[in-house]
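A.B. asks: Pasted the sequence and its predicted model underneath.
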Amino acid sequence: MGIITKQSIYNVTSIGFAFMIGAVNMLFLYPSFPGKEFQGLIIALLANSNLIQPFISFGVQHTLIKFFSDAGSKEQQDRLLWFSLFFPLLILVLLVPFYIYFNEEILSFISNENLLVNKFPFLIISIAISTAYFEIFFSWLRVQLKSVFGNFLKEVYPRLLTFFLLILYAFKLIDLDIFIISLICGYYLRLIIIMIYSFSIYLPSFNGFIPSSWKTMLRYSSLIFLSGAAASFILDIDKSMIFSLTSDANVAYYAVAIYVAAIIEAPGRAMFQITSPLVAKALNKNDKTSLENLLKKSSLNLLIVSGFVFLVINLNLTDFYQIINQEGYASAIGVVIIVSLGKLFSMSMGCLNNIIINSKKYHYVFWFSITSAILAVLLNYFMIQNFGITGAALATLVVIFLINFCKIVLVHILFKIHPYSTKTINIIINLLLIYFIVYSIPSLLNPWLSIFLRCLLISGLFTIPLIIFKWSNEIESLIKGIQKRLY
């Protein structure tokens with residue numbers, strides 16, 4: 001079993017576990033105890049923290065991945081690692097006083113006159129700082145091809161933290177203020193854990209913190225910072241604008257729907273943790289054969305796995321929301337379907353984004369991100385006002401399709417490669433057939449039984465052609481390996 005397959009399996013397992021915990025938080029604990037207004041508040045605060053985080057990290061986590069394999073010597077690699085730690089400190093020296101001075105204006109802008117937001121002026125910046133440094137240390141582990149524990153801390157830890165805090169809140173052992181303080185402390189505990197683990201995996205010698213190619217790295221970091229800021233903006237601007245243009249309850253409905261749709265990305269998130277440094281290595285060595293192989297395999301395998309998840313989610317939505325049985329949340333069923341389509345398209349591209357980011361043409365990422373951000377703001381502003389949270393989903397879908405199509409064209413022009421093959425068409429046809437066959441089957445009175453039987457049917461209809469037509473050797477080998485362990 002290759003390193004990509006092995007670590008991807010571990011990462012998918014931890015991400016799957018994280019999504020289950022998150023589902024309990026989002027769908028049951030938040031609505032049942034603090035309420036949807038509290039849920040919307042916390043989500044909005046964390047969303048705005050994610051908007052600030054790229055300004056602190058300044059893209060150095062991506063710089064670390066791109067330049068580590070091309071550093072040339074251990075001394076230069078060590079200098080790069082120290083550079084990635086010290087440079088954000090300079091950013092903080094400039095950013096924190098600015099934020100402190102203008103925090104009232106910033107909070108007033110994002111709060112839509114919600115007084116609860118104004119009670120927590122330092123939550124956004126505090127979590128942004130801890131998250132920025134966490135991402136740097138996570139990249140530190142990824143270049144050492146040690147992504148499993150870091151992925152656990154990234155995906156599972158925050159959801160477990162929220163789970164325990166919600167349980168304490170439910171039993172009235174803590175109030176809102178203690179909840180917020182504990183959340184911040186929990187994020188910093190995660191940072192300390194990954195720091196200790198990263199240094200235990202590899203402790204660089206200190207020979208200075210200025211790499212020989214620091215100008216090139218700084219130029220790359222600057223563009224990736226701007227691109228990352230725009231990307232984070234795109235991810236969270238819809239929630240912030242819903243919060244500002246409608247209500248915090250709508251943020252909760254929308255966030256749950258986005259959370260459900262995001263499960264489709266779980267296989268990709270797991271795979272990209274390990275493929276990103278391998279793509280950077282192939283590009284640095286100008287190994288086009290390995291690069292194309294990584295792109296084709298990642299695209300095919302992600303389309304298969306994410307396509308299966310797409311069917312399971314979208315063909316069980318009615319029963320799923322019936323089980324949740326929370327007032328108002330079912331109004332976002334359309335959001336799940338719309339955003340799911342965009343997520344599936346993104347997964348079908350495989351590691352294409354990694355190729356652009358780690359190539360010499362990385363500056364295109366900046367223009368894609370800026371264009372996406374502008375489109376996201378304009379489309380969300382008009383479509384949320386006209387169609388509510390469904391409009392936000394439609395805006396997201398349009399941005400995803402337009403920008404991703406441009407990225408595919410760019411990679412084909414630059415490298416003469418693309419992620420798709422005739423197998424891609426066959427898989428898409430299979431997905432469509434299964435969707436319309438299962439969709440025509442009515443639900444049973446018991447939603448749990450209905451979901452179970454639908455999943456069995458989907459699994460059978462999906463697995464049979466997968467094995468017969470041998471769409472993926474990697475997935476077929478994985479299935480056989482599981483069978484051997486079971487029998």
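C.D. replies: Done, it's in. Numbers count the residues shown, from 1 in each chain.
A.B. asks: Tell me the confidence at F452?
C.D. replies: F452 carries a pLDDT score of 90 in this model.
A.B. asks: That one: neighbour count?
C.D. replies: Burial of F452, expressed as a neighbour count using other CB atoms under 10 Å, amounts to 14. All C-beta spots, glycine's among them, are computed from the backbone N, C-alpha and C.
A.B. asks: lowest-confidence helix or strand of this structure?
C.D. replies: Across the helices and strands of the chain, mean pLDDT, DSSP states H and E gives its lowest value to helix 115-118, namely a mean of 57.
A.B. asks: Can you give me the distance of the residue nearest the centre of the chain to V399?
C.D. replies: The geometric centre of the chain, computed from its C-alpha atoms, lies nearest to R269 (CA atoms, centre = their mean), at 6.4 Å. With distances defined as CB to CB, to the nearest Å, the gap from R269 to V399 amounts to 19 Å.
A.B. asks: what mean pLDDT does stretch 426-443 have?
C.D. replies: Averaged across stretch 426-443, pLDDT comes to 90.
A.B. asks: now could you export just the CA positions of that stretch as CSV?
C.D. replies: What follows is stretch 426-443 as a C-alpha-only set of coordinates in CSV (Å, rounded to 0.1, in the frame of the first residue of the first chain):
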residue,chain,number,x,y,z
ASN,A,426,-18.6,6.5,-17.5
ILE,A,427,-18.6,7.3,-13.8
ILE,A,428,-20.8,10.4,-14.3
ILE,A,429,-23.3,8.4,-16.3
ASN,A,430,-23.4,5.8,-13.6
LEU,A,431,-24.0,8.5,-10.9
LEU,A,432,-26.9,10.0,-12.9
LEU,A,433,-28.5,6.6,-13.5
ILE,A,434,-28.3,5.7,-9.8
TYR,A,435,-29.6,9.1,-8.7
PHE,A,436,-32.7,8.9,-10.9
ILE,A,437,-33.4,5.3,-10.1
VAL,A,438,-33.2,5.7,-6.3
TYR,A,439,-34.9,9.1,-6.3
SER,A,440,-38.0,7.5,-7.8
ILE,A,441,-38.4,5.2,-4.9
PRO,A,442,-40.7,6.7,-2.2
SER,A,443,-39.6,7.0,1.5
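A.B. asks: who touches that stretch?
C.D. replies: Stretch 426-443 is contacted from outside by 300, 303-304, 307, 310-311, 314-315, 318-319, 450, 454, 457-458, 461-462, 465, 469, 471, using CB atoms under 8 Å, 6 or more residues apart in numbering.
A.B. asks: List phi and psi for I174.
C.D. replies: According to degrees, to the nearest 10, the main-chain angles of I174 amount to phi -140, psi 160.
A.B. asks: Please tell me how far it sits from P31.
C.D. replies: I174 sits 18 Å away from P31 when distances are taken as CB to CB.
A.B. asks: more neighbours, these two?
C.D. replies: The residue with more neighbours, out of I174 and P31, is P31; 22 against 17, by other CB under 10 Å.
A.B. asks: Could you look up the SS state of that one?
C.D. replies: Here P31 takes the helix state, with states given by DSSP: H, G, I helix; E, B strand; the rest coil.
A.B. asks: Chain neighbours aside, what residue packs nearest to it?
C.D. replies: Taking CB to CB, 6 or more residues apart in numbering as the measure, P31 lies nearest to Q326, with 4.5 Å between them; neighbours along the chain are not counted.
A.B. asks: Would you list the phi and psi of the one you found?
C.D. replies: Residue torsions, per degrees, to the nearest 10, at Q326 are phi -110, psi 130.
A.B. asks: do G59 as well
C.D. replies: Recorded main-chain torsions at G59 are phi 80, psi 10, according to degrees, to the nearest 10.
A.B. asks: Where do the helices of the stretch 351-487 of the chain begin and end?
C.D. replies: 352-358, 363-387, 389-415, 422-439, 447-468, 473-486 (DSSP state H, counting those that start in this stretch).
A.B. asks: Measure how the fourth one sits relative to helix 447-468, angle-wise.
C.D. replies: Computed with axes from the mean of the first three to the mean of the last three CA atoms, to 10 degrees, the direction of helix 422-439 lies at 150 degrees from that of helix 447-468.
A.B. asks: Can you list the buried residues in helix 422-439?
C.D. replies: Neighbour-count burial for helix 422-439 flags 423-424, 427, 430-431, 434-435, 438 (criterion: 16 or more other CB atoms under 10 Å).
A.B. asks: Can you report how many residues lie near the residue nearest to P31?
C.D. replies: 17.
A.B. asks: From what I see, it and L27 are in contact.
C.D. replies: Yes: with contact defined as CB atoms under 8 Å, Q326 reaches L27; the gap is 7.3 Å.
A.B. asks: Just the mean pLDDT for stretch 169-179, thanks.
C.D. replies: Stretch 169-179 carries an average pLDDT of 85.
A.B. asks: Need the residues that contact it.
C.D. replies: So stretch 169-179 is contacted by 29, 32-34, 38, 116, 119, 165, 168, 182 (CB under 8 Å, 6+ apart).
A.B. asks: how long is that stretch end to end?
C.D. replies: According to CA to CA, to the nearest Å, stretch 169-179 extends 7 Å from its N-terminal end residue to its C-terminal end residue.
A.B. asks: Tell me the gap between it and the middle of its chain.
C.D. replies: 28 Å (CA atoms, centre = their mean, to the nearest Å).
A.B. asks: How about I237, nearest residue that isn't a chain neighbour?
C.D. replies: With CB to CB, 6+ apart as the measure, A376 is the residue that lies nearest to I237, at 5.4 Å, once sequence neighbours are left out.
A.B. asks: Could you check how far that neighbour is from K172?
C.D. replies: Between A376 and K172 the computed distance is 40 Å (CB to CB).
A.B. asks: Same drill for the two, tell me which one is more crowded.
C.D. replies: Comparing A376 with K172 by other CB under 10 Å, the one with more neighbours is A376, at 25 against 8.
A.B. asks: picking that back up, rebuild the buried residues of helix 422-439 as TSV, extending it with distance to I356.
C.D. replies: Written out in TSV, the entries for the buried residues of helix 422-439 read as follows (distance: CB to CB, whole Å):
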residue	distance to I356
K423	23
T424	20
I427	24
N430	29
L431	26
I434	32
Y435	31
V438	36
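A.B. asks: about what we covered before: now, of the contacts of stretch 426-443, which are buried?
C.D. replies: The neighbour-count test (16+ other CB under 10 Å) marks 300, 303-304, 307, 310-311, 314-315, 319, 450, 454, 457-458, 461-462, 465, 471 as buried among the contacts of stretch 426-443.
A.B. asks: next structured bit after the helix or strand containing L300?
C.D. replies: L300 belongs to helix 288-314 when elements are defined using DSSP states H and E. Remark: after helix 288-314, the chain's next helix or strand is helix 317-324, criterion DSSP H and E.
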